[in-house]
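[1] Got a predicted model here, sequence first, then my questions.
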Amino acid sequence: MKRATVLLSLATFFLCSFAFVSCASRPVQSTAEAEQNIPQALYVPESFDWRNVCRGIDRFDYENETSPVRWHAVRVDLASDGLELVAFPGSTTDGTKPRVMSTSAFAEKYGCTVAVNTSPFTRKKEIVGIHIVRGRRYAPLVERYCALVFRQDTENGTYSRVSIADNQTEEAVRGAEYAFGGFFSVLRGGSKKEFRAFRHDSRSGAGISGDGRMLYLLVVEGEEPRKSAGLSYQQCADIFRAMGCTDAMEFDGGSSSDLCIDGKSVLSYTCRTVQAASFGFRVQN
């Protein structure tokens, strides 16, 4: 009886010790530690051969079958003449309640040269985080999340005064003509932010140049892992920095990630997610 009690105590001790080590070891590993052996050359190109889409908008597509990884980027010169920013919801003025739609449906309906999904949303398709269009708010602030904020340049009427706010606060969106929420900023002043979680997934994000004139949109494929396993937040930050961004952020990722050019998705698979919010640009002749 005594021996059985001792064995039971030892077994309980080892089980508790194992459980403690397991629970304590997983969350403490940082993204930097997990990725230190992954060469950037597997997901960041040596140079960017931008291809022109139209005046003020260029694209770049990357694929590495070794990783495997596949992503697409768009570069927008916000000071270009004839560049018009459109968003969903908010670009309609008929007063009806906006209906949800995919980013590709939004791009096609509004004639967008380029369009991307933005904020996360609930199961009821309610936007989580700020969404401002033409100065009107369609969703409240969520302080722990970031935002892409556009303010109109009164001198030339462009939206070259773009910024990324780490947190959605009243100060951050004051005077915003447009603002679109996401999850978290990944690049600030050229330095990558640290994240404890390490996970490859489909990603959508935005980055800006130091002068606020150039906007970069990025989507990483990850829904078909054999073709592209996706990337982490910090790996996306590496790409944004290589493209010339000083600040960058992540929109809703996973199956929501989509980027459209000339009304059609650039993904190798079909994005079937119906979004609560998207934004894009169209170029007026």
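    Sure thing, it's come through.
[2] What are the buried residues along stretch 267-278?
    Under the neighbour-count criterion of 16 or more other CB atoms under 10 Å, stretch 267-278 has Leu267, Cys271, Thr273, Gln275, Ala276, Ala277, Ser278 buried. In short, each C-beta sits where N, CA and C put it, glycine included.
[3] Likewise for stretch 230-245?
    Neighbour-count burial for stretch 230-245 [16+ other CB under 10 Å]: 230-241, 243, 245.
[4] and Phe121, what is it in contact with?
    Contact partners of Phe121, counting by CB atoms under 8 Å, 6 or more residues apart in numbering, are Ile127, Val128, Asp252, Gln275, Ala276, Ala277.
[5] and what of Glu84?
    Per CB under 8 Å, 6+ apart, neighbours of Glu84: Phe281, Arg282, Val283, Gln284.
[6] That one sits in which helix or strand?
    strand 83-88 (DSSP states H and E).
[7] and if you look at Phe106?
    helix 103-109.
[8] what's that helix in contact with?
    88, 101, 112, 114-117, 258-260, 263-265, 271, 275, 278, 280.
[9] and it, which residues are buried?
    Thr103, Ser104, Ala105, Phe106, Ala107, Glu108.
[10] Equivalent analysis for stretch 201-221, please.
    Quick answer for stretch 201-221 (16+ other CB under 10 Å): 201-209, 212-221.
[11] quick revisit: quick one, which of the contacts of Glu84 are buried?
    Applying 16+ other CB under 10 Å to the contacts of Glu84, the neighbour count classes Phe281, Arg282, Val283 as buried.
[12] Who is the last one paired with across the strands?
    When assigned by DSSP bridges, Val283 has beta-bridge partners Leu83.
[13] Model confidence for it, exactly?
    Predicted confidence (pLDDT) for Val283: 90.
[14] residue contacts, the residue nearest in space to the middle of the chain?
    Central residue of the chain (CA atoms, centre = their mean): Gly205, 2.3 Å from the mean position. Contact analysis of Gly205 by CB under 8 Å, 6+ apart lists Gly182, Val186, Leu217, Leu218, Val219, Cys236, Phe240, Ala248, Met249, Glu250, Phe251.
[15] can you rerun that using 7 Å?
    Leu218, Cys236, Ala248, Met249, Glu250, Phe251 (CB atoms under 7 Å, 6 or more residues apart in numbering).
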